[in-house]
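S.K.: pasting a predicted model and its sequence here:
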Amino acid sequence: KNQVEQSPQSLIILEGKNCTLQCNYTVSPFSNLRWYKQDTGRGPVSLTIMTFSENTKSNGRYTATLDADTKQSSLHITASQLSDSASYICVVSAQNGANNLFFGTGTRLTVIP
Amino acid sequence: DAGVIQSPRHEVTEMGQEVTLRCKPISGHNSLFWYRQTMMRGLELLIYFNNNVPIDDSGMPEDRFSAKMPNASFSTLKIQPSEPRDSAVYFCASSLVAAGIGQPQHFGDGTRLSIL
């Protein structure tokens, strides 16, 4: 069964600290994995996309990793800011079908001063 | 550039009433998606269109739900009759070509629906 699981479900950190969010998937055949950031009351916004051959990709203070062998991805946030408070959703795309997308339920991150 | 525009932003109505949610995708995008988001289940794909044609509606929960895309710049999601368990945030998203091949989906800010 194709599934995407994220951990932790929620996380509270102090401003300026680093954190890592996890995404494990069983989607097959794998096409790509995308991380979205969803601010409260807003729609999700794409942060980064990882394809099979990519191990690491950065977008400012956000760094995503992908281990296609273990089917795990992580999103690392460096020097967190209050504006990083949001839900982070992992979405995995399968190759069998143009729009075969599988969503995690997200990690709710709260950054406190 | 205008993003995906959804209306209304909030809708509160009594069970049994008809609810119509509206979406204007980003100009030039040819794929449109309707999602439902709840705390328990996260984002769930309800239906998507390619070039105004419904491709997969397997996520539509019941016959009470219907979606149309009469042209490239407008889509509706209708619930009739509405029930309290339909309460959720409904998102519309659009993308260039098929999202599964690497194109990001651009989401609207959603319609928060409450059925009393």
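M.R.: Received the coordinates, thanks.
S.K.: and the closest residue to chain B within chain A, what does it touch?
M.R.: Nearest residue of chain A to chain B (C-beta to the nearest C-beta) works out as residue A:43 at 2.9 Å. Backbone N, C-alpha and C define where each C-beta goes, glycine included. Residues near residue A:43 by C-beta atoms under 8 Å, 6 or more residues apart in numbering or on different chains: B:4, B:91, B:93, B:107, B:108, B:109, B:110.
S.K.: from these, which is closest to chain A?
M.R.: residue B:107 (2.9 Å).
S.K.: pull up the gap between the closest one and residue B:72, please.
M.R.: 18 Å (C-beta to C-beta, to the nearest Å).
S.K.: and the two? Which one has more around it.
M.R.: Counted by other C-beta atoms under 10 Å in any protein chain shown, residue B:107 and residue B:72 do not tie: residue B:107 has more neighbours, with 24 against 16.
S.K.: what residue lies at the spatial centre of chain B?
M.R.: Nearest residue to the geometric centre of chain B (C-alpha atoms, centre = their mean): residue B:34, 2.8 Å.
S.K.: list, one by one, the residues from chain A near chain B.
M.R.: Proximity of chain A to chain B (C-beta under 8 Å from any C-beta of the partner chain) is limited to residues A:31-32, A:34, A:41-46, A:49, A:51, A:89, A:93-95, A:97-101, A:103-106.
S.K.: go with 7 Å
M.R.: A:31-32, A:34, A:41-44, A:46, A:49, A:89, A:93, A:97-101, A:103-106 (C-beta under 7 Å from any C-beta of the partner chain).
S.K.: now list the buried members of those residues.
M.R.: A:31-32, A:34, A:43-44, A:46, A:49, A:89, A:93, A:98-101, A:103-106 (16 or more other C-beta atoms under 10 Å in any protein chain shown).
S.K.: out of these, which are inside strands?
M.R.: Among these, the members found in strands (DSSP state E) are A:31, A:32, A:34, A:46, A:49, A:89, A:93, A:101, A:103.
S.K.: out of those, which is nearest to residue B:56?
M.R.: residue A:101 (10.6 Å; C-beta to C-beta).
S.K.: isn't that closest one right next to residue A:91, touching?
M.R.: Yes: the criterion here is C-beta atoms under 7 Å, and residue A:101 meets it with residue A:91 at 5.7 Å.
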